[in-house]
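Undergrad: Pasting a predicted model and its sequence here:
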Amino acid sequence: MPENLFRPITVGDLQLKNRVVMAPLTRNRATADGDAPHDLTVEYYRQRAGAGLILTEASQISPEGKGYAWTPGIHSDEQIAGWKKVTEAVHSRGGKIAIQLWHVGRISHTSLLNGAQPVAPSAIQANSQTFDGTQMVPVSEPRALETDEIPRIVEDFRKAAANAKAAGFDAVQIHAANGYLIDQFLRDTTNKRDDAYGGPIENRVRLLDEITAAVVGVMGAGRTGLRISPWSDANDVGIDSDTQAVFAKVVDVANAHGLAFMEVVEGQTGGPRDWPEGGVEALRAAFNGVYIANNGYHDHQSALEAAGDMVSFGRPYISNPDLAERLAMNAPLNPLPTENLYGGGAEGYTDYPPLDRYA
């Protein structure tokens with residue numbers, strides 16, 4: 001458990017004011033024509049700068065990496081400029097912010113990719129859906145990446161890290177969870193390749209290793225983190241035949257590059273915190289950096305029961321922009337409405353009452 005949620009902590013090169021993390025939360029409110037943050041995005045993150053560290057919503061590293069309508073990217077000048085306003089607003093309130101770098105892989109639709117097929121380690125269609133800007137639709141059948149395309153994916157992550165640095169982010173988080181591209185490469189359920197990126201575990205972690213090296217080369221290890229979800233089959237990714245061995249190797253990769261932090265989704269994404277006996281404990285003991293516990297932590301008491309050095313909160317941060325302050329005071333939380341979670345404007349996004357108004 002965290003020694004105290006409200007004690008400062010050193011995370012790599014970052015000095016954080018508390019151990020409360022705002023988890024990545026997709027809200028589908030980027031500009032429709034450029035996938036860029038805008039003034040409402042700036043206000044949304046500014047309101048939540050009380051967290052020790054904000055992890056932004058997942059942001060695609062390239063047009064090919066996009067999987068849902070109205071999600072932001074970090075690959076164009078317009079997007080960099082939009083994110084720069086966000087980081088400046090968070091910094092003006094004494095906060096720290098990291099962007100989550102994202103490639104969805106097969107969890108996309110041809111309508112979001114200008115007619116192109118999504119890419120994946122293997123041509124296996126997911127039994128999953130995505131939002132195309134009008135409605136939920138089944139994801140499209142992907143094509144398998146050619147071996148000689150892999151360096152392009154790695155370079156897209158490197159460029160995205162450079163763009164994040166230009167936008168003023170304090171750190172970046174590599175998204176290797178929730179059944180997206182890197183996670184698809186890690187698991188034998190979705191990776192049926194017979195080249196250097198498939199088969200044995202050491203081959204399946206190769207893409208993560210190369211991406212991590214590229215990102216660290218830009219940001220530095222002390223400003224780079226990772227997100228994993230070992231026991232989740234989100235987006236129909238399935239559970240690997242030897243989960244503990246795969247993710248032990250993932251931790252080895254993280255340690256080899258000296259990563260500052262690792263956020264672990266403990267159990268099914270959005271579900272109960274359940275894992276095989278000793279699973280979380282083994283990963284935490286093996287990782288040399290700061291372990292961030294995630295999944296279903298919703299108040300101060302549940303956070304104190306976490307096995308992490310820090311705790312990331314997802315849904316409570318939607319309706320409580322001042323969540324860290326409320327947790328410190330054991331104050332009541334605003335309820336989470338079920339409408340306006342995805343898409344739209346200020347309603348359900350930046351209009352939740354802070355603690356002073358509640359009082």
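TA: Great, that's in hand.

Undergrad: Only C-alpha atoms from now on, for both contacts and neighbour counts.
TA: Fine.

Undergrad: quick one, helices of the stretch 1-150 of the chain?
TA: With DSSP state H, counting those that start in this stretch, the ranges of helices along the stretch 1-150 of the chain come out as 39-47, 77-92, 150-166.

Undergrad: Dump those helices to JSON lines, plus mean pLDDT, mean neighbour count and distance to A221.
TA: Below are the helices of the stretch 1-150 of the chain laid out as JSON lines (pLDDT from 0 to 100; neighbours: other C-alpha atoms under 10 Å; distance: least, C-alpha to C-alpha, whole Å):
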{"stretch": "helix 39-47", "mean pLDDT": "98", "mean neighbour count": "19", "distance to A221": "25"}
{"stretch": "helix 77-92", "mean pLDDT": "98", "mean neighbour count": "20", "distance to A221": "20"}
{"stretch": "helix 150-166", "mean pLDDT": "98", "mean neighbour count": "20", "distance to A221": "12"}
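
Undergrad: Tell me which of those helices approaches G258 most closely.
TA: helix 150-166 (16.6 Å; C-alpha to C-alpha).

Undergrad: Mind giving me the packing neighbours of the helix or strand that the closest one is followed by?
TA: Where DSSP states H and E defines the elements, the next helix or strand beyond helix 150-166 is strand 171-175. With contacts taken as 3 or more C-alpha pairs under 8 Å, 6 or more residues apart in numbering; DSSP states H and E, strand 171-175 sits against strand 97-102, helix 150-166, helix 206-219, strand 224-228.

Undergrad: Quick one, which of those gets closest to D356.
TA: That would be, of those and by C-alpha to C-alpha, strand 97-102, which comes in at 24.1 Å.

Undergrad: quick revisit: can I get the helices of the stretch 1-150 of the chain in a markdown table with distance to R223?
TA: Below are those laid out as a markdown table (distance: least, C-alpha to C-alpha, whole Å):
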| stretch | distance to R223 |
| --- | --- |
| helix 39-47 | 19 |
| helix 77-92 | 15 |
| helix 150-166 | 10 |
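
Undergrad: can you put the helices and strands packed on strand 171-175 in TSV and add distance to L55?
TA: Formatted as TSV, the helices and strands packed on strand 171-175 follow (distance: least, C-alpha to C-alpha, whole Å):
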stretch	distance to L55
strand 97-102	5
helix 150-166	13
helix 206-219	16
strand 224-228	10
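
Undergrad: give the contact list for D13.
TA: By C-alpha atoms under 8 Å, 6 or more residues apart in numbering, the residues touching D13 are G222, R223, A260.

Undergrad: Which of the residues you listed sits closest to Y44?
TA: Among these, and counting by C-alpha to C-alpha, the member closest to Y44 is R223, at 23.0 Å.

Undergrad: Which residues does the nearest residue to the closest one once chain neighbours are set aside form beta bridges with?
TA: Sequence neighbours aside, A171 is the residue nearest to R223 in space, at 4.4 Å (criterion: C-alpha to C-alpha, 6 or more residues apart in numbering). Legend: beta-bridge partners of A171 under DSSP bridges are A98.

Undergrad: and A171, how many neighbours does it have?
TA: Neighbour count for A171, taken as other C-alpha atoms under 10 Å: 27.

Undergrad: what about the strands in the stretch 1-150 of the chain?
TA: Here the stretch 1-150 of the chain has its strands, by DSSP state E, counting those that start in this stretch, at 9-11, 14-16, 20-22, 53-60, 97-102, 119-120, 129-131, 136-138, 143-144.

Undergrad: Of those strands, give the one that comes closest to D188.
TA: Across those, closest to D188 is strand 119-120 (C-alpha to C-alpha), at 12.9 Å.

Undergrad: for that closest one, packing partners?
TA: strand 143-144, helix 181-186.

Undergrad: any idea how far the helix or strand just after the last one is from the chain center?
TA: On the C-terminal side of helix 181-186, the nearest following helix or strand under DSSP H and E is helix 201-204. The chain centroid and the centroid of helix 201-204 are separated by 22 Å, computed with C-alpha atoms, centre = their mean, to the nearest Å.

Undergrad: just to revisit the earlier point, among the contacts of D13, which one lies nearest to P354?
TA: For the contacts of D13, the nearest to P354 is R223 (30.2 Å; C-alpha to C-alpha).

Undergrad: Help me confirm that that closest one comes into contact with G12.
TA: Yes. Counting by C-alpha atoms under 8 Å, G12 is a contact partner of R223 at 6.3 Å.

Undergrad: Settle it for me: which of the two has more neighbours?
TA: Ranked by neighbour count (other C-alpha under 10 Å), R223 and G12 place R223 first, with 23 against 19.
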